[in-house]
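Asker: sequence and computational prediction follow.
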Amino acid sequence: MRLVSHSKIKFGFWIISAIIIGVFSVSFFLKNIGYEKTTKPYENTAIAIESLTAKETTPKYFYSIKDPKNLNQKPKVSAEAYLVGDLDTGEIILTKNQDQQFPIASVSKLMTAFIATELMNPDDIAKVSKKALGTYGENGSLKLGEKIKITDLIYPLLLES
């Protein structure tokens, strides 16, 4: 009797082992169906080596200078600080006083733009009044009675400083 129960346990163990191995094998084969190799085994290696040995090229940046004799001359900018960079590569092209801290500029213009976008529909039309033209500062070349979209007013507000 004991021999029969021991053989039943062995038989059950082998059946369960076979089922587990079968399930893993089937799932492995089903997972890889439809993924045929389209490249030769060494083709990817050649591409990787080629890309590692290719010379790095840096993009060329051109800016206008008044004196063509002095090509190393930086452009004259009246700003106390600036940073010009390439957004695609993250490369910094030109800088002036990049590490120096300056007070925040044009906070009132930023708040005006924020409030205008919150309170008004961007497609609404505004009419330039005499009072608006009489305010302190630049008027952005607006003319009395001119009709302009709110978005077209906000854009130069954020550009000019």
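Answerer: On my side now, so go ahead. Residues are numbered from 1 along each chain as shown.
Asker: and the pLDDT for Val23?
Answerer: Note for Val23: predicted pLDDT of 87.
Asker: please name the nearest non-neighbouring residue to Leu133.
Answerer: Asn139 (5.4 Å; Cβ to Cβ, 6 or more residues apart in numbering). For every residue, glycine as well, the C-beta is placed using N, CA and C.
Asker: right, I mislabeled it, should have said Ile148
Answerer: Leaving aside its chain neighbours, Ile148 sits nearest to Ala126 (5.9 Å; criterion: Cβ to Cβ, 6+ apart).
Asker: continuing past the least confident helix or strand in the chain by mean pLDDT, what's the next helix or strand?
Answerer: Ranked by mean pLDDT, DSSP states H and E, the weakest helix or strand in the chain is helix 43-53, scoring a mean of 50. Next along the chain after helix 43-53, taking DSSP states H and E as the criterion, comes strand 82-85.
Asker: quick one, strands of the chain?
Answerer: In the chain, the segments counted as strands under DSSP state E are 82-85, 92-96, 125-127, 147-149.
Asker: mind naming the longest helix for the chain?
Answerer: When the chain is parsed with DSSP state H, its longest helix is helix 2-31.
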